[in-house]
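K.L.:
this is the structure alone, sequence omitted:
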């Protein structure tokens with residue numbers, strides 16, 4: 001049975017991106033002088049391996065836990081602004097490429 005263990009189901013490029021992101025998040029945590037135990041307490045998890053998984057780029061960590069982690073580091077607003085900005089940009093591009101349906105074309 002296939003699982004996300006070791007990101008085997010992820011595209012190798014995405015797996016590397018997750019690993020690099022995890023390493024960057026670890027450095028930010030250390031820069032803010034937050035221990036793994038302190039991060040566990042702040043994100044509401046008991047097992048320190050969860051923090052280690054995030055920092056190793058493990059794709060099995062829940063999205064909610066990941067968001068709590070980046071929120072503790074003060075990154076949640078930046079991430080949501082980026083996603084929202086990309087979404088709005090995609091919508092504007094989609095409107096330009098709009099295809100008319102049969103009801104809009106009256107012959």
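P.N.:
Looks like it came in fine. All figures in this text were calculated on a predicted structure; none of them were measured in a lab.

K.L.:
give me the contacts around stretch 19-36.
P.N.:
For stretch 19-36, the surrounding residues in contact (CB atoms under 8 Å, 6 or more residues apart in numbering) are 39, 42, 48, 51-52, 54-58, 69-70, 72-73, 75. Just so you know, the C-beta spots here come from the backbone N, C-alpha and C atoms, and that holds for glycine as well.

K.L.:
phi and psi next, for residue 45.
P.N.:
phi -120, psi 150 (degrees, to the nearest 10).

K.L.:
thinking again about what came up before, of the contacts of stretch 19-36, which belong to strands?
P.N.:
With DSSP state E as the criterion, strands contain none of the contacts of stretch 19-36.

K.L.:
among those residues, which ones are buried?
P.N.:
Neighbour counting by 16 or more other CB atoms under 10 Å classes 39, 51, 54-58, 69-70, 72-73 among the contacts of stretch 19-36 as buried.

K.L.:
helices - which of those land there?
P.N.:
Using DSSP state H to define helices, the subset of these located there is 39, 51, 54-56, 69-70, 72.
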